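Participant: Structure of the sequence below:
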Amino acid sequence: MMRISLKTAICFVGYLLQSSISDAQSRPMNWSVITANSFIEKFPNPDSICWKPNANHFDWQAGYTMFTMEKLWRATGDERYFNYIKRYVDQQVNDAGNIPDFKPTALDHFLPGYAIIFMYEQTRLEKYKIAAKKIFEGFKNYPRNSDGSFWHADWAKNQMWVDGVFMGQMFMARYGKIIGDSSIAFNEVTKQMKLIVAHCQKKNGLLLHAWDESKQASWADKSTGLASEVWSEGLGWYAVLIADIFDFLPKNNPDYQTILIHLQKLCAGLKNCQDPNTGMWCQVVDKPDKLDNWNETSGTGMFLYLIKKSIEKGYINRVEYEPVVTKAYAGIIKKAKINAKGQVDIIDCSSIGVQNNYAAYISQPKEVNTFAGVTSFILGTFSVENSSMLSNEVIPKTSSNYPTPLAPEILPGKGLAQFDFLYAGEAKKQNIYIIRDGKIVWEYKDSISNGEISDAVMMSNGNILFAHQFGITLINPDKKVIWKLDAPKGTEIHTAQPIGKDHVVYIQNGDTAKLFVVNIKTGKTVKEFQLPVKNPKGVHGQFRHARLTNVGTILVAHMDLGKVCEYDFNGKELFSIDAPGVWAAVPLKNNNILVCSNKGYVCEFNHKGDTVWDFSLRNIPDYKISNPQIAIRLSNGNTLINNWFNLWQGNPDPTNPPVQAIEVTPDKRVVWALRSWKEPFNLGPSTTIQPLSEKGISEDVRFGDIK
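Facilitator: Below is the predicted model of the structure:
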């Protein structure tokens, strides 16, 4: 978008401040950007964002500022906002991931952790993840009331404040989505949000400022423990939380609809309490008719953000609520004034604690440039000036500090419903899945046995044969083991294929590597011969996948030799072709060979050694295929390529996971990509996919005369 300098913008500010509502609509000015840039000029060092000199700067003031600056960065791509957040976070988090100034003594102290998770999202630096976990741990022993509600602070014993719910749960919601402990985090978030509603919501949908379980606070009603009034800024923070919570909370969360109803009721209550003359909301929100009540800027900015975002997200009706937004925006921009230095000041703000009564709330001074007031003004005006961002938030492509996407956000094809298939992969656990009509209809999970599943095939009778590094297992649809072979000590088995119902061919990696054919009925070995290897001691890297051909021979992928060989039943080499990094060699119906290499290519060769078709994974820059293991040719002529992810190097980034497989046309277009890492359809790493809709019987092969 076009950049507007502060000096140029100021030339228009005086005019806009005098404009009518209709004129303000016809002359859109990016107030959020102007005010944010002015704020950074005033506070170039974000450590100076604290409520008094030398106060702890790991507190809500800086946390809320960074929360708002992130939204501007996403909307504009201007790196000054990103760098401002990064400077703040790096001044709090050391290289070991420690946060010296974090004290889990108040919910206000948790909010800066939201920016730390943002930096982890963008940079993947482990120190930010460690720091976020330390903050999350701060909730474990945090004081609660008897119903589980968090105290606002250790100095606010037994007190639950509406603004405190934002401070703690905004961090926790993002933590659950990005870092982990999702079920714990989301359950806690919705629990706290439901509790504050249960205690503080009035019939008009708005929430009173606070509740004291002990009823001992000076402001607490002696019967209910409730504060007397709905305070603008306090309710505003809850409004921002409930506006953003659905960006993190899964739709299948049992409390999703309940929280959505709370949002809709809050929006309705705010609409009914909007000052009809100014479009703003008052210090005591639900008493706009009181002559001594006054329009408060901070809460208005937050309410504007809630209602506009809710419209764009489809939570509330646009026709009904857009006039509310229009009036609120026209009202709030009149609270921006230009000072003698040419900087933006925001007037009529109020940042206070819980007060004893109505008179105490409305007698508070009308402050200028409170941190909450300025950032809420930015947030509210941002929501109108960049409304398209609210419905489909996009990460800017301007910063080099975040990881390159591993795949497009929207993938081609039908996801899990593309076709029915068997799925397995090399992982820490032995998991196999059958997917039909886009759903997991059968699964086998073994977290006890050692070894990774390298090969798996489903037979026509529903039995599944799989090689798992330290042996081979055959199970029936009821998951009962009907045959098993253990690899001798010092050896590994990564590939196995059924021959009819009674025989299995497999390769045993080892000091003396061999191919075997075993009769699973009698347990007798009916054929064996030695296979050459480059490194007899490098057992793990000798072989992965071998496949029988339609002429009764076998193709073997020699990983350590970097070549594919075809052998007859007696072990005689009939054909060989160099294939560096080869992981699998699959025979095609036209008698050609499809080779998959972890060097980043898939090639089809004929028996003359000519390349018939090749596909470099570098030719699809939108997809980062780092570990292709097996490629097969589908009956439609497309090629299916598996992309393995190494869990031993860590879990995939939940915000940027790789695809597990792609389907490529002969002209090298990706027409399907599988990315299924989220529960309840987390398939894990991909090594082998067997399409179940393809014609043919997997065991209908022969090796020599054995069939």
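
Participant: going forward, measure contacts and count neighbours with C-alpha atoms only.
Facilitator: Noted.

Participant: Just name the shakiest helix or strand of the chain by mean pLDDT.
Facilitator: helix 21-26 (a mean of 34; mean pLDDT, DSSP states H and E).

Participant: right, and the helix or strand after it?
Facilitator: helix 31-42 (DSSP states H and E).

Participant: so what secondary structure elements neighbour that next one?
Facilitator: helix 6-18, helix 60-76, strand 344-346, helix 371-385 (3 or more CA pairs under 8 Å, 6 or more residues apart in numbering; DSSP states H and E).

Participant: Please repeat the previous calculation with a cut-off of 7 Å.
Facilitator: helix 371-385 (3 or more CA pairs under 7 Å, 6 or more residues apart in numbering; DSSP states H and E).

Participant: quick one: buried residues of the helix it packs on?
Facilitator: 371-385 (16 or more other CA atoms under 10 Å).

Participant: Which residue ranges of the stretch 51-200 of the chain form strands?
Facilitator: 159-161 (DSSP state E, counting those that start in this stretch).

Participant: can you check the stretch 251-400 of the chain too?
Facilitator: Using DSSP E, counting those that start in this stretch, strands in the stretch 251-400 of the chain cover 336-338, 344-346.

Participant: repeat for the stretch 451-600 of the chain
Facilitator: 455-458, 464-467, 471-475, 481-486, 492-499, 503-509, 514-519, 525-530, 543-548, 554-558, 563-567, 573-578, 582-587, 593-597.

Participant: Let me have the ones you listed in CSV, extended by mean pLDDT, distance to Val89 and mean neighbour count.
Facilitator: As requested, those are exported to CSV (pLDDT from 0 to 100; distance: least, CA to CA, whole Å; neighbours: other CA atoms under 10 Å):
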stretch, mean pLDDT, distance to Val89, mean neighbour count
strand 455-458, 96, 46, 25
strand 464-467, 96, 48, 24
strand 471-475, 96, 50, 21
strand 481-486, 96, 53, 14
strand 492-499, 97, 46, 27
strand 503-509, 97, 50, 24
strand 514-519, 97, 57, 19
strand 525-530, 96, 60, 14
strand 543-548, 95, 46, 26
strand 554-558, 97, 49, 27
strand 563-567, 96, 50, 20
strand 573-578, 95, 51, 14
strand 582-587, 95, 44, 28
strand 593-597, 95, 42, 25
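
Participant: Switch those strands over to JSON lines, and while doing so, append distance to Leu617 to every line.
Facilitator: Listed next are the strands of the stretch 451-600 of the chain as JSON lines, based on distance: least, CA to CA, whole Å:
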{"stretch": "strand 455-458", "distance to Leu617": "23"}
{"stretch": "strand 464-467", "distance to Leu617": "27"}
{"stretch": "strand 471-475", "distance to Leu617": "32"}
{"stretch": "strand 481-486", "distance to Leu617": "36"}
{"stretch": "strand 492-499", "distance to Leu617": "25"}
{"stretch": "strand 503-509", "distance to Leu617": "29"}
{"stretch": "strand 514-519", "distance to Leu617": "32"}
{"stretch": "strand 525-530", "distance to Leu617": "34"}
{"stretch": "strand 543-548", "distance to Leu617": "20"}
{"stretch": "strand 554-558", "distance to Leu617": "20"}
{"stretch": "strand 563-567", "distance to Leu617": "20"}
{"stretch": "strand 573-578", "distance to Leu617": "19"}
{"stretch": "strand 582-587", "distance to Leu617": "14"}
{"stretch": "strand 593-597", "distance to Leu617": "10"}
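
Participant: Quick one: closest of these to Pro628.
Facilitator: Pro628 lies closest to strand 593-597 among the strands of the stretch 451-600 of the chain, at 6.5 Å (CA to CA).

Participant: Now find how far off-centre the following helix or strand past that closest one is within its chain.
Facilitator: Using DSSP H and E, the helix or strand that follows strand 593-597 in sequence is strand 601-605. Using CA atoms, centre = their mean, to the nearest Å, the distance from the centre of strand 601-605 to the centre of the chain it belongs to is 34 Å.

Participant: Kindly spell out which helices and strands sit in contact with strand 601-605.
Facilitator: strand 593-597, strand 611-616.

Participant: So which of those is nearest Thr404?
Facilitator: strand 611-616 (19.3 Å).

Participant: related to what we said a few turns ago, just the strands of the stretch 251-400 of the chain: most buried one?
Facilitator: Per residue and on average, the most neighbours among these fall to strand 344-346, with a mean of 23 (mean count of other CA atoms under 10 Å).

Participant: Can you tell me which helices and strands that one packs against?
Facilitator: Against strand 344-346 (3+ CA pairs under 7 Å, 6+ apart) you get strand 336-338.

Participant: Pairing partners for the strand it packs on, with directions?
Facilitator: strand 344-346 (antiparallel) (DSSP bridges).

Participant: which residues sit against the partner strand?
Facilitator: Strand 344-346 has contacts (CA atoms under 7 Å, 6 or more residues apart in numbering) with Thr35, Ser38, Lys335, Ala336, Lys337, Ile338, Asn339, Val368, Asn369, Gly373, Val374.

Participant: how about those residues, which pair is most distant?
Facilitator: Asn339 and Gly373 (16.3 Å).

Participant: show me what contacts the closest residue to Ala579 other than its chain neighbours?
Facilitator: Spatial nearest neighbour of Ala579, chain neighbours left out: Lys563 (4.5 Å); criterion: CA to CA, 6 or more residues apart in numbering. Residues near Lys563 by CA under 7 Å, 6+ apart: Ala557, Ser576, Ile577, Asp578, Ala579, Pro580, Val582.

Participant: Nice, that's everything, thank you.
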